[in-house]
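Enquirer: Fold the following.
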Amino acid sequence: MANSSFVKRIQNVMRNDSGVNGDAQRIEQIVWILFLKIYDAKEEMWEFHEESYQSIIPEGLKWRDWAVDEKDGEALTGDSLLDFVNNTLFPTLKNLEIDDTTPIRQVVVRYAFEDANNYQKDGVLLRQVVNIIDEIDFTEYKERHEFGNIYESFLKDLQSAGNAGEFYTPRAVTDFMVKVVKPVLGDRIGDFACGTGGFLTSALNELERQVGNSLENREVYNQSIYGIEKKALPHLLCVTNMLIHDIDDPNILHGNALETDYKELRKMDPFDVILMNPPYGGSEKESVKVNFPTELRSSETADLFMNVIMYRLKKEGRAAVILPDGFLFGTDNGKFNIKKKLMSEFNLHTVVRMPHSVFAPYTSIRTNILFFDNTKPTKETWFYRVDMPEGYKNFSKTRPMKLEHFNAALNWWDNREDIEVDGFPKSKRYSIEEIMERSYNIDLCGFPHEEEVILDPMDLIQEYQEKRATLNAEIDHVLEQITSMLGGN
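Expert: All right, here's what the predicted structure looks like:
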């Protein structure tokens, strides 16, 4: 039976294994074992309902064949378990034969193990971990859904697990974005850098309430989400997350959405809803940048993802995207043209400024949520600042941002008005003409009185680089105007 001590029990076992170092490895070790347990439970249901179902996992390698301990002394353990896992299980699952006719629900097994690793070196301790995970009955709907909360808790641990923190967006933020975008059953929902699946999970929780007892609705629910994730660990975490949420065919690809040429992006199926927190602070190589038109190229990963989103948002579709402050104030050539395209072809109706440390301790860089739809060009944009809650100086692992901290924003959303605090705008509407006059610098309704935040050195370097690029772009723009006025070339 799943309970709150589940992760702690496994953690205590793994602490004694010299092969597992740190939270990220611990989570990766748990999740490949967990994936096989959940997948086996799903296969039992598919076998029951589909007479012709054939598993992609060979006999002898299914969870029920090797992992279940009948307490009769026959279960693999020690060196024999390690030998089986390292030399039979992993090599076979990494090299499963798949082609264009292989169902998605079977393809995910190969994807899940492509870059997975068994870190444990003690076969007796590995057997103990397997036995703890085997206690959960994933064929029971109630127990499976109870386990979803436990799974979320160790995904949250990623936020403090070094660079792995980039793959986790706080649940309060994903839930707020979903509440505002309002996905409905039948919408096709996408996230092209889906990490561990936080946005997709929040959207599925909203859709679940709309399913009812209809088998037809359940099938629509099962086909509603799509994700791409570049890195192996979050991809495996996301696929497992989708299986826990009863997505039998988790359409979660292991790849890089930026490696598709924009001409091909235009031909791909568009999405009704796009929810994303693109990676930012990264720098893409030339072979990735050339996939986009010259005027829309940028070294900043988040900028390029904005191009992907614009190409793949369906007419009348809506999007909510988290971006760093650098995107707002940046007026270098790439950012300028991306924002110009966004506002001339899409309706950027709202920008929500979030307080610092929302993503702490992974990063202290300030972030914002851009809400837009593919209905018409932007005529005006509302800006709203979410201030730090009373009594908080920073968010932290023990005091994270909560959905209730967005209550004022949710109340404002349907009853918009200008708001001033101490003479500074907290909420204000700007026309497209005002934004164009600012060269698409949309750093508006910021945080005037807040104490200076001490950033991590790498975050500080990135912020300085973005500000320097913006200043250089503004100087070039002024020089062009002066040269033009003087009749020069």
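Enquirer: Okay, now the unreliable bits of the stretch 201-350 of the chain?
Expert: Confidence mapping of the stretch 201-350 of the chain against pLDDT under 70 gives zero matching residues.
Enquirer: Quick one: the helices in it, in order.
Expert: In the stretch 201-350 of the chain, the segments counted as helices under DSSP state H, counting those that start in this stretch are 215-222, 232-244, 262-267, 286-289, 301-312, 325-329, 333-345.
Enquirer: From Leu304, how far out is the nearest residue to Lys156 once chain neighbours are set aside?
Expert: Take Lys156 and drop its neighbours on the chain: the residue closest to it by C-beta to C-beta, 6 or more residues apart in numbering is Tyr168, 6.5 Å away. All C-beta atoms are positioned from the backbone trio N, CA, C, and that covers glycine. The spacing between Tyr168 and Leu304, counted by C-beta to C-beta, to the nearest Å, is 22 Å.
Enquirer: right, so of the helices of the stretch 201-350 of the chain, which gets closest to Pro355?
Expert: helix 325-329 (11.9 Å; C-beta to C-beta).
Enquirer: can you pull out the strands in the stretch 301-450 of the chain?
Expert: Secondary structure of the stretch 301-450 of the chain, counting by DSSP state E, counting those that start in this stretch: strands at 313-324, 347-353, 367-373, 380-385, 419-421, 424-431.
Enquirer: Just send these back as CSV, with mean neighbour count and distance to His49 too.
Expert: As requested, the strands of the stretch 301-450 of the chain are exported to CSV (neighbours: other C-beta atoms under 10 Å; distance: least, C-beta to C-beta, whole Å):
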stretch, mean neighbour count, distance to His49
strand 313-324, 20, 32
strand 347-353, 21, 44
strand 367-373, 22, 39
strand 380-385, 20, 48
strand 419-421, 12, 54
strand 424-431, 17, 52
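Enquirer: doesn't Leu126 make contact with Ala75?
Expert: No: under the criterion of C-beta atoms under 8 Å, Ala75 lies out of contact with Leu126, with a separation of 11.4 Å.
Enquirer: what's the burial count for Leu215?
Expert: With neighbours defined by other C-beta atoms under 10 Å, the count for Leu215 comes to 8.
Enquirer: between the strands of the stretch 301-450 of the chain, which one is nearest to Asp269?
Expert: strand 313-324 (8.6 Å).
Enquirer: In its sheet, which strands sit next to that closest one, and in what direction?
Expert: strand 271-276 (parallel), strand 367-373 (antiparallel) (DSSP bridges).
Enquirer: mind putting the ones you listed in CSV, distance to Tyr384 included?
Expert: CSV is the format used below for the strands paired with strand 313-324 (distance: least, C-beta to C-beta, whole Å):
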stretch, distance to Tyr384
strand 271-276, 18
strand 367-373, 10
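Enquirer: Give me the buried positions along stretch 29-47.
Expert: Taking 16 or more other C-beta atoms under 10 Å as the basis for neighbour counts, the residues of stretch 29-47 that come out buried are 29-43.
Enquirer: That one: how far from the chain's middle?
Expert: Its chain's C-alpha centre lies 22 Å from the corresponding centre of stretch 29-47 when counted by C-alpha atoms, centre = their mean, to the nearest Å.
Enquirer: just the helices in the stretch 1-150 of the chain please.
Expert: When assigned using DSSP H, counting those that start in this stretch, the helices of the stretch 1-150 of the chain occupy the ranges 6-14, 22-49, 63-66, 78-84, 90-94, 104-113, 123-134, 141-156.
Enquirer: where among the ones you listed is the average confidence lowest?
Expert: Comparing mean pLDDT over the helices of the stretch 1-150 of the chain, the weakest stretch is helix 141-156, at a mean of 76.
Enquirer: Now the element after that one, going C-ward?
Expert: Following helix 141-156 in sequence order, the next helix or strand is helix 171-181 (DSSP states H and E).
Enquirer: avg pLDDT for that following helix?
Expert: Averaging pLDDT residue by residue across helix 171-181 gives 96.
Enquirer: That one packs against which elements?
Expert: With contacts taken as 3 or more C-beta pairs under 8 Å, 6 or more residues apart in numbering; DSSP states H and E, helix 171-181 sits against helix 198-211, strand 271-276, strand 313-324, strand 367-373, helix 407-413.
Enquirer: by how many degrees do the first one and helix 232-244 diverge?
Expert: Following axes from the mean of the first three to the mean of the last three C-alpha atoms, to 10 degrees, one obtains 10 degrees for the angle between helix 198-211 and helix 232-244.
Enquirer: who does helix 198-211 touch, helix- and strand-wise?
Expert: Packed against helix 198-211, as judged by 3+ C-beta pairs under 8 Å, 6+ apart, are the following elements: helix 171-181, strand 189-191, helix 215-222, strand 225-229, helix 232-244, strand 271-276.
Enquirer: any chance of those in a markdown table, plus distance to Asp65?
Expert: Output for those, formatted as a markdown table (distance: least, C-beta to C-beta, whole Å):
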| stretch | distance to Asp65 |
| --- | --- |
| helix 171-181 | 36 |
| strand 189-191 | 34 |
| helix 215-222 | 27 |
| strand 225-229 | 29 |
| helix 232-244 | 19 |
| strand 271-276 | 39 |
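Enquirer: looking at those, which is closest to Arg144?
Expert: The closest of the helices and strands packed on helix 198-211 to Arg144 is helix 232-244. By C-beta to C-beta, the value is 6.2 Å.
Enquirer: would you put the C-alpha positions of stretch 95-112 in CSV?
Expert: Extracted C-alpha coordinates of stretch 95-112, given in CSV (Å, rounded to 0.1, in the frame of the first residue of the first chain):
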residue,chain,number,x,y,z
ASN,A,95,17.7,-2.4,-28.0
LEU,A,96,14.0,-3.4,-28.4
GLU,A,97,13.0,-3.5,-32.1
ILE,A,98,10.6,-0.7,-33.0
ASP,A,99,9.3,0.8,-36.2
ASP,A,100,6.6,3.1,-37.5
THR,A,101,3.9,0.4,-36.8
THR,A,102,4.9,-0.1,-33.1
PRO,A,103,2.2,1.4,-30.9
ILE,A,104,3.2,4.4,-28.8
ARG,A,105,2.5,2.5,-25.5
GLN,A,106,5.2,0.0,-26.5
VAL,A,107,7.7,2.5,-28.1
VAL,A,108,7.9,4.2,-24.7
VAL,A,109,9.7,1.2,-23.2
ARG,A,110,12.6,1.6,-25.6
TYR,A,111,12.6,5.4,-25.1
ALA,A,112,12.5,4.9,-21.3
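Enquirer: list the buried ones in it?
Expert: Neighbour-count burial for stretch 95-112 flags Leu96, Arg105, Gln106, Val107, Val108, Val109, Arg110, Tyr111, Ala112 (criterion: 16+ other C-beta under 10 Å).
Enquirer: And the third one, how far from Thr92?
Expert: In this case it means Gln106. The span separating Gln106 from Thr92 equals 14 Å under the rule C-beta to C-beta.
Enquirer: before we move on, what about the second one?
Expert: When C-beta to C-beta is the yardstick, Arg105 and Thr92 sit 18 Å from each other.
Enquirer: Identify the residue spatially nearest to Tyr440, adjacent ones excluded.
Expert: By the measure of C-beta to C-beta, 6+ apart, the closest residue to Tyr440 outside its immediate chain neighbours is Lys339, 4.1 Å from it.
Enquirer: Surely that neighbour touches Ile442?
Expert: Yes: under the criterion of C-beta under 8 Å, Lys339 is in contact with Ile442, at a separation of 7.1 Å.
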